[in-house]
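Colleague: Got a predicted structure here, sequence first:
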Amino acid sequence: MPTPRILAAVIEENGTEFERLISLVLRISLLEQPDAELTEIGRNAWLAGITLAVVTTPPFDLAEQIRRPEEKRKTAIDRVIAILPWEKGEQPEKSLFHDALQQVFPDFKIKKSTPIQWVDRQQLEDLIQQLPPLALRYFPERIERGHERCRRIETVRAEYNREFLKLYGKIRFIGMSAVYKEEASGGVDMDRIYIPLRVVPEAPPRRTIASAPTP
């Protein structure tokens with residue numbers, strides 16, 4: 001488990017860790033069908049079957065946040081989960097959120113009566129605290145001997161990493177003579193290996209065409 005972090009800092013960063021956190025909470029605690037495919041349709045916005053989940057804040061500028069669907073067939077939205085991690089105990093105007101949905105998704109079937117589940121900051125914290133691994137990472141002070149357990153995990157993890165590097169920390173060249181390559185006998189540290197992301201083939205040598213002799 002990674003080092004404990006303050007939830008407020010993760011929310012303010014609004015980066016990859018925050019997206020992963022929200023997707024986990026959605027799958028485990030909020031979706032009625034946890035096995036439904038969670039498709040990302042924009043920044044902090046997902047579609048899972050007939051459920052739309054979005055992390056947003058008033059005044060709901062969803063047009064900048066969510067990509068328009070590419071499919072021409074209208075997809076019905078029967079449930080909306082609106083997560084407001086920056087708000088605590090506040091319920092924004094639902095009509096404004098419905099209007100924003102209608103503007104962003106003209107090709108979707110979204111009724112005025114579509115239920116919206118609001119998840120504010122306090123509710124998000126409660127959901128996280130119900131999941132032991134996440135609770136230990138973000139709220140170790142709320143768990144019995146939480147900080148002690150985190151330190152023990154970090155110690156075991158450090159020992160594991162050291163042993164792992166002993167076994168797999170070098171690339172060895174089997175069958176290569178040490179006379180030609182000094183690294184063949186001792187191996188090369190993994191962190192010294194450069195692996196290119198792509199290979200550009202060399203251009204074939206130019207062929208010169210001899211000009212015909214002038215008569």
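Modeller: Perfect, I can see it now. Nothing here was measured: the structure is a model prediction, and the numbers come from that model.
Colleague: Mind naming the longest helix for the protein?
Modeller: Using DSSP state H, we find that the single longest helix of the chain is helix 146-168.
Colleague: Next secondary structure after that helix?
Modeller: Using DSSP states H and E, the helix or strand that follows helix 146-168 in sequence is strand 170-171.
Colleague: ok, the one helix or strand I81 maps to: who's next to it in the sheet?
Modeller: Take DSSP H and E as the rule and I81 turns out to sit in strand 79-84. If you go by DSSP bridges, strand 79-84 pairs up with strand 51-55 (parallel), strand 116-120 (parallel).
Colleague: for this protein, what spans make up the helices?
Modeller: Using DSSP H, helices in the chain cover 7-13, 16-25, 62-65, 94-104, 121-129, 132-138, 146-168, 183-186.
Colleague: Mind putting these into JSON lines with mean neighbour count and mean pLDDT?
Modeller: (C-beta placed from N, C-alpha, C; glycine too.) Shown next, in JSON lines, are the helices of the chain (neighbours: other Cβ atoms under 10 Å; pLDDT from 0 to 100):
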{"stretch": "helix 7-13", "mean neighbour count": "14", "mean pLDDT": "87"}
{"stretch": "helix 16-25", "mean neighbour count": "16", "mean pLDDT": "90"}
{"stretch": "helix 62-65", "mean neighbour count": "14", "mean pLDDT": "72"}
{"stretch": "helix 94-104", "mean neighbour count": "16", "mean pLDDT": "75"}
{"stretch": "helix 121-129", "mean neighbour count": "17", "mean pLDDT": "91"}
{"stretch": "helix 132-138", "mean neighbour count": "17", "mean pLDDT": "89"}
{"stretch": "helix 146-168", "mean neighbour count": "12", "mean pLDDT": "85"}
{"stretch": "helix 183-186", "mean neighbour count": "14", "mean pLDDT": "62"}
